[in-house]
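Student: When you get a sec, could you give me coordinates for this:
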Amino acid sequence: MPFFVRRSDGTELALKIITYRKNLPPSDWVLVEEKSLSLNESEGRQLLRALRDHLAVAESDQDGRYILIRVDQGTASLGDNDPAAVAAALAKVLSQNEIVRHLAATELSESLIKAFRGAIRLNEMRSAVVELRNLLDSNEGTEERYQAGCKEHSWAFGNAYVMSDDVRDISTGDSIDLLLPTVISGYRDIVELKRPDREVLIYDSAHRNFFFSAEVSRALGQVHRYLDVLQEVATNGLRDHPEIVAYHPRAIVVIGRSQGWDSAKLKALHGLNSRLSGVTVMTYDQLLA
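Tutor: Residues are numbered from 1 along each chain as shown. Below is the predicted model:
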């Protein structure tokens, strides 16, 4: 209960913590005067800060380890927490959009900006790897789940590419999974995602060699059509999206798993890929790696 104390030099804010005891009906709750506690304004403000700190922890839906960062002073006591774990947690906080927007509008030293970017990037990469690994370990077979993750983290296909386009329809009836602009030219390449539970290679014991499965062959025929269509409709820019240009586009097909493959089978996939023109077949385990 807050109240004001009038003094000769002004009015002072004071607080009183009042204790109640539950009594038998019908009187219900009863005030316990001897357990009341009075606080001056300074003590009340300290109590308010402590309550806010505890509230932030209490509102979390799960247990965890916490440290308190003084926003007004920028200090924190790490206690027995691992500094690396604290840095990783701070990187997650700094990756929140509202904080990133503020950092972008704030003049920071170049070294600090690089450190922030590196920490946020590393955290994003770790999260993406964990997300993909969890999907594979759970035997998730829905292509849309992998499409969403690969679109958000399209850097997984290599430094030659930048963020994927939102556009997927290149012509009537032709909708591709990902359009990736190349860093050097900006020309678009194609990524086609198939289910991870599909067979990739089959061994021909009569001729002692591996060959692509029917699922991979169908995917190759599909991207062959997409490459032809994309070359035709986007050589000078896609209709309604003139910034999307394709010139001799390439394609990546992601399908199946290679976990547990021996060196001979991995070598066979590499050899078959080297003899394809403009298309690369890779497994989800290779994408994860």
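
Student: so what secondary structure elements neighbour the host helix or strand of residue 54?
Tutor: If you go by DSSP states H and E, residue 54 is part of helix 41-58. Helix 41-58 sits against strand 10-22, with contacts defined as 3 or more Cβ pairs under 8 Å, 6 or more residues apart in numbering; DSSP states H and E. (Each C-beta comes from the backbone N, C-alpha and C, glycine too.)

Student: residues in contact with the strand it packs on?
Tutor: 1-5, 28-32, 35-41, 43-44, 47 (Cβ atoms under 8 Å, 6 or more residues apart in numbering).

Student: Let's see which of these end up in strands.
Tutor: 2-5, 29-32, 35-39 (DSSP state E).

Student: quick one on the thing from earlier: drop anything exposed from the contacts of strand 10-22.
Tutor: By neighbour count, with 16 or more other Cβ atoms under 10 Å, the contacts of strand 10-22 hold 39, 44 as buried.

Student: Tell me the secondary structure at the closest residue to residue 273 other than its chain neighbours.
Tutor: Spatial nearest neighbour of residue 273, excluding adjacent residues (Cβ to Cβ, 6 or more residues apart in numbering): residue 280 at 5.4 Å. At residue 280, secondary structure determined by DSSP: H, G, I helix; E, B strand; the rest coil is strand.

Student: quick one: buried residues of stretch 167-179?
Tutor: 167, 170, 176, 177, 178, 179.

Student: quick one, what contacts the residue nearest to residue 273?
Tutor: 250, 251, 252, 253, 273.

Student: Which strand residues bridge it?
Tutor: Residue 280 has these beta-bridge partners by DSSP bridges: residue 252.

Student: quick one: pLDDT of it?
Tutor: Per-residue pLDDT puts residue 280 at 97.

Student: Note down every partner strand of the helix or strand following the helix holding residue 54 and its orientation.
Tutor: Per DSSP H and E, the first helix or strand lying C-terminal to helix 41-58 is strand 69-70. The pairing partners recorded for strand 69-70 under DSSP bridges are strand 75-76 (antiparallel).

Student: And the contacts of the strand it pairs with?
Tutor: 67, 68, 69, 70, 86.

Student: Pretty sure the last one sits in a strand.
Tutor: Spelled out, that is residue 86. No - counting by three-state DSSP, one finds residue 86 to be helix, located in no strand.

Student: Could you give the number of residues near the residue lying closest to it once chain neighbours are set aside?
Tutor: Nearest non-adjacent residue to residue 86, counting by Cβ to Cβ, 6+ apart: residue 78, 5.8 Å away. By the measure other Cβ atoms under 10 Å, the count of residues near residue 78 is 10.

Student: So residue 78: helix, strand or coil?
Tutor: Strictly by three-state DSSP, residue 78 counts as coil.

Student: what do you get for residue 180?
Tutor: strand.

Student: From residue 203, how far out is it?
Tutor: Noted for residue 180: a distance of 32 Å to residue 203, by Cβ to Cβ, to the nearest Å.

Student: quick one: which of the two has more around it?
Tutor: Neighbours per residue (other Cβ under 10 Å) separate residue 180 from residue 203, with residue 180 holding more: 25 against 13.

Student: Okay, and the beta partners of the more buried one?
Tutor: Here residue 180, judged by DSSP bridges, has bridge partners residue 189.

Student: Now that it has come up, it's in contact with residue 192, right?
Tutor: No - judged on Cβ atoms under 8 Å, residue 180 makes no contact with residue 192 at a distance of 11.4 Å.

Student: dump the residue contacts of the closest residue to residue 165 other than its chain neighbours.
Tutor: Ranked by Cβ to Cβ, 6+ apart and with sequence neighbours excluded, the top spatial neighbour of residue 165 is residue 179, at 4.3 Å. By Cβ under 8 Å, 6+ apart, the contact list for residue 179 reads 164, 165, 167, 168, 170, 188, 189, 190, 244.

Student: measure residue 179 to residue 41 for me?
Tutor: 62 Å.
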